[in-house]
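J.: Give me a model of this one.
(4 chains)
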There are 2 protein chains.
Amino acid sequence: MNINEAQRILVVDDETQIARVLRRGLSARGYEVQTASDGEEALNVFSQWPANLVITDLSMPQMGGLELCRRLRKLSQVPIIVLSVKGEERTKVEALDAGADDYITKPFGIDELLARVRATLRRAPTATEREVKEITLGDFHVDLEARTVAARGEEVHLTPKEYELLVYLIRRAGKVLTHRVLLGAIWGGDYTEQTEYLRVFVGQLRKKIEVDPAKPRYILTEPWIGYRFNAES
Amino acid sequence: MNINEAQRILVVDDETQIARVLRRGLSARGYEVQTASDGEEALNVFSQWPANLVITDLSMPQMGGLELCRRLRKLSQVPIIVLSVKGEERTKVEALDAGADDYITKPFGIDELLARVRATLRRAPTATEREVKEITLGDFHVDLEARTVAARGEEVHLTPKEYELLVYLIRRAGKVLTHRVLLGAIWGGDYTEQTEYLRVFVGQLRKKIEVDPAKPRYILTEPWIGYRFNAES
DNA sequence: CCACCTTTACGAATTCTTTATAAACCGCTT
DNA sequence: AAGCGGTTTATAAAGAATTCGTAAAGGTGG
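T.: Numbers count the residues shown, from 1 in each chain, chains lettered A, B, ... in the order given. Predicted structure coming up:
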């Protein structure tokens, strides 16, 4: 799949059993893998060996996955996938708030993990905000200069908040965006609890851009967490 | 990369650490670099040493990046790249309103910055509007030398401000132009809040150029944002 | 005096916010 | 596996806030 250089993945988990399974599964697919057993160690490894993707457990001795996310985000935009177990819902959302890209709930199959890894790595270069004149993504085209949006070739008229929200989603397509993050980005830091705003505006956006607003293909709901823009399919 | 003379870049940031990193990275690529630690100083340097590009942080003592953008725009069309911290979406928009050409969110890699610098400099010469004597667009014909406008073949008499406004709209047909931008362009930077002027003049223009002023086909309203000139249909 | 710009005023239109209700979802018990 | 509270989500629609369109009065300079 890859060319000259293999993608580097840093796996962070204190359970050596799991770490070993992941290392094997990922190495077999041609990824270069390093492991660390807590956040502290992960940061050290990362500074020496800048990975293209970090997969981290949440509960660990020394420094947990949540703190690791925060620290990593100060250094880099490296994609992060969080592993969580049932009952860590709160921490999971906090990790996503802190900038994690996606999550997987234990127990999971190696195939599911590999799929997430591929998806996350695929959009990594696109995810960061670059060339800011226009964005084409799947069925959508956004002209940032003209402030126009076209879905499947047809221009749709959006109100200011609808436009801001959609552009924010599209720019981070594939990434899980928490309610808090979205509200903070569009309405500002004082409205991070007003999830009802989001529901209303997501609903309006779906009415305008989805083929069947009742069965959304683009703006997907992540129950209890937030939303995610889906470019594929 | 460059020919005889190196491109001059002015870096404005109060964090000397960052300023130093930028200076090093840019110098290594053959750019000539000067630094300033706030807007005040930047203006001084700029008047003595007209840079081809200005890179400025937003939050600084004395004079912030926002004000610097406004002041620079009164002096020159020099391209400006703004550095902002994650989550300052609002300020970013203000900076672009104030005339910034691009923005980068901290933290960023030096490669990303260099890419933006190249892109911005590449656009720069094109940005200066070409010498054009007349414009034909859809049902409209503008003779810039004679200062006359014809709609659907018939000449319409416009007052100076009406003329300026219409030409500004036509030149940027298809783009949504914010109230702020339009007011700044026609009335100057001190009137960017007087949206009532716009309402009046757009109304007068519509009466003169629209077939049915109550249902505008050319000058379209983008509620809460501004106006847009529609060339098609 | 005339053309133009500025300012004011208010109903109409649009968007944003808030509320209400039904539907969907989760974990839990039976 | 089915049923059942407790949440969360989807949707419509009322209410509030802001802006837009328009006419007209007031001001300015030649």
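J.: Tell me, how many residues neighbour A:Glu164?
T.: 17 (other CB atoms under 10 Å in any protein chain shown). Just so you know, the C-beta spots here come from the backbone N, C-alpha and C atoms, and that holds for glycine as well.
J.: Could you check how far it is from DNA strand D?
T.: Between A:Glu164 and DNA strand D the distance is 15 Å, computed by CB to the nearest atom of the strand, to the nearest Å.
J.: Ok, A:Met63 next?
T.: Separation of A:Met63 from DNA strand D (CB to the nearest atom of the strand): 28 Å.
J.: contacting residues for the closest residue to that residue other than its chain neighbours?
T.: Spatial nearest neighbour of A:Met63, chain neighbours left out: A:Gly39 (2.8 Å); criterion: CB to CB, 6 or more residues apart in numbering or on different chains. Going by CB atoms under 8 Å, 6 or more residues apart in numbering or on different chains, A:Gly39 touches A:Val12, A:Thr56, A:Met60, A:Gln62, A:Met63, A:Gly64, A:Gly65, A:Glu67, A:Leu68, A:Arg71.
J.: Buried subset of those residues as a ChimeraX selection?
T.: ChimeraX command restricting the contacts of A:Gly39 to the buried ones, with burial defined by 16 or more other CB atoms under 10 Å in any protein chain shown:
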select /A:12,56,60,63,64,65,67,68,71
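J.: Give me the phi and psi for A:Gly87.
T.: phi 100, psi -10 (degrees, to the nearest 10).
J.: repeat for A:Pro213
T.: According to degrees, to the nearest 10, A:Pro213 has phi -60, psi -20.
J.: Once you drop chain neighbours, what's closest to the residue of chain A found nearest chain B?
T.: In chain A, no residue comes nearer to chain B than A:Arg147, which is 3.8 Å away by CB to the nearest CB. Leaving out its chain neighbours, the residue that sits closest to A:Arg147 by CB to CB, 6+ apart is B:Val176, at 3.8 Å.
J.: Quick one: mean pLDDT for stretch A:177-191?
T.: Model confidence over stretch A:177-191, given as mean pLDDT, is 94.
J.: same thing with stretch A:75-92?
T.: Per-residue pLDDT over stretch A:75-92 has a mean of 90.
J.: what about that stretch, near chain B?
T.: Yes. Applying CB under 8 Å from any CB of the partner chain, one finds stretch A:75-92 touching chain B at A:Leu75, A:Ser76, A:Gln77.
J.: need the contact list for the second one.
T.: Think A:Ser76. Contacts of A:Ser76 (CB under 8 Å, 6+ apart): A:Phe46, A:Pro50, B:Pro107.
J.: does the last one really touch A:Gly99, like I thought?
T.: No. The pair B:Pro107 / A:Gly99 is not scored as a contact, 11.3 Å apart, by CB atoms under 8 Å.
J.: just to revisit the earlier point, quick one: which of the contacts of A:Ser76 is nearest to A:Gly153?
T.: Ranked by distance to A:Gly153 (CB to CB), the contacts of A:Ser76 are led by B:Pro107 at 37.1 Å.
J.: what's the distance between that closest one and chain A?
T.: Relative to chain A, B:Pro107 is positioned 7 Å away (CB to the nearest CB, to the nearest Å).
J.: what about that residue, how many neighbours?
T.: By the criterion of other CB under 10 Å, B:Pro107 has 14 neighbours.
J.: got the phi/psi numbers for it?
T.: Torsion angles at B:Pro107 (phi, psi; degrees, to the nearest 10) stand at phi -80, psi 150.
J.: what's the spacing between it and A:Ala173?
T.: According to CB to CB, to the nearest Å, B:Pro107 and A:Ala173 sit 21 Å apart.
J.: One more: A:Asp13?
T.: Taking CB to CB, one finds A:Asp13 at 28 Å from A:Ala173.
J.: Please identify which of these two sits among more neighbours.
T.: Per other CB under 10 Å, whichever of A:Asp13 and A:Ala173 has more neighbours is A:Asp13, with 25 against 20.
J.: Near DNA strand C, which residues of chain A? Just list them.
T.: Residues of chain A lying close to DNA strand C by CB under 7 Å from any atom of the strand are A:86, A:157, A:159-162, A:187, A:194, A:196-197, A:200-201, A:223-224.
J.: Type out the PyMOL command that picks the buried ones from those residues.
T.: Command for PyMOL that selects the buried part of the residues of chain A next to DNA strand C, burial taken from 16+ other CB under 10 Å:
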select buried, chain A and resi 159+161+162+187+197+201
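J.: Tell me the one among the contacts of A:Ser76 nearest to A:Arg90.
T.: Among these, and counting by CB to CB, the member closest to A:Arg90 is A:Phe46, at 25.4 Å.
J.: circling back: in terms of model confidence, name the weakest of the contacts of A:Gly39.
T.: Among the contacts of A:Gly39, A:Gln62 has the weakest pLDDT, 86.
J.: for that one, what are its contacts?
T.: Here A:Gln62 is in contact with A:Asp38, A:Gly39, A:Glu40, A:Glu41 (CB under 8 Å, 6+ apart).
J.: now A:Lys208
T.: A:Ala151, A:Val156, A:His157, A:Leu158, A:Glu162 are the contacts of A:Lys208 under CB under 8 Å, 6+ apart.
J.: give me the subset of those residues touching chain B.
T.: Contacts with chain B are made by none of the contacts of A:Lys208, judged by CB under 8 Å from any CB.
J.: what comes into contact with the longest helix seen in chain A?
T.: Secondary structure of chain A read by DSSP state H shows that its longest helix is helix A:110-127. Among residues not part of helix A:110-127, those counted as contacts by CB under 8 Å, 6+ apart are A:7, A:9, A:21-22, A:25-26, A:29, A:31, A:52-53, A:55, A:77, A:79, A:81, A:101-102, A:104, A:171-175, A:231.
J.: Adjacent strands (with direction) for the helix or strand that it is followed by?
T.: Moving toward the C-terminus from helix A:110-127, the next helix or strand (DSSP states H and E) is strand A:134-137. Partners of strand A:134-137 in the sheet, by DSSP bridges, are strand A:140-143 (antiparallel).
J.: Would you check that A:Trp49 makes contact with A:Glu32?
T.: No. Using CB under 8 Å, A:Trp49 makes no contact with A:Glu32, being 9.1 Å away.
J.: Between the two, which contacts overlap?
T.: A:Arg8.
J.: how about the helices in chain A?
T.: Using DSSP H, helices in chain A cover A:16-28, A:39-48, A:65-75, A:89-97, A:110-127, A:160-171, A:179-186, A:195-209.
J.: Throw these into a markdown table and include distance to B:Tyr218, thanks.
T.: Shown next, in a markdown table, are the helices of chain A (distance: least, CB to CB, whole Å):
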| stretch | distance to B:Tyr218 |
| --- | --- |
| helix A:16-28 | 58 |
| helix A:39-48 | 56 |
| helix A:65-75 | 47 |
| helix A:89-97 | 46 |
| helix A:110-127 | 37 |
| helix A:160-171 | 22 |
| helix A:179-186 | 31 |
| helix A:195-209 | 24 |
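J.: Perfect, I'm done here.
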